[in-house]
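**Q** okay, predicted coordinates and the sequence, questions at the end:
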Amino acid sequence: MSTIKDISEIFPKHLFWDVNPKNLDIQDDKDFIIPRALIATTAETFAEDIQPLEQLYSKTQIVKELQKTKERISNEVCKLVARRYHVRQFLRYQ
């Protein structure tokens, strides 16, 4: 795992428009950071967008947080994550 303390160093600031990213703790706020980091990803940008998360979190943590999040993560993002990590496909919306 990384020793990064300020997520604004690795994630675009627009993803955290409603909070000060410097106030987020990488471990304590992973349930917020992980979904936000992927909220605007597309099939075209996914490989690039997920790399910063992989610097901070394990594959298991990423999948777990996306499965239980209340953020508006699309089913397409869930499918991309499941495919990347070779886990059973999961959806946020039925």
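**A** Cool, the structure landed.
**Q** can you count the residues close to Y57?
**A** Y57 sits with 21 neighbouring residues when counted by other Cβ atoms under 10 Å. In this view, the C-beta of every residue, glycine as well, is placed from N, C-alpha and C.
**Q** thinking it is in contact with K30, fair?
**A** Yes. With contact defined as Cβ atoms under 8 Å, Y57 reaches K30; the gap is 6.3 Å.
**Q** what touches both of these two?
**A** E65 (Cβ atoms under 8 Å, 6 or more residues apart in numbering).
**Q** how far out from the middle of the chain is whichever strand or helix holds L53?
**A** Assigned by DSSP states H and E, L53 belongs to helix 46-56. The chain centre lies 8 Å from the centre of helix 46-56; the measure is Cα atoms, centre = their mean, to the nearest Å.
**Q** oh, and call the first residue 22 from now on, that's how I've got it
**A** Sure thing, new numbering starts at 22, so read that last one as helix 67-77.
**Q** and it, what's buried?
**A** By neighbour count on 16 or more other Cβ atoms under 10 Å, the buried set for helix 67-77 is 67, 70-71, 73-74, 77.
**Q** so for this protein, the centremost residue is which one?
**A** I55 (2.8 Å; Cα atoms, centre = their mean).
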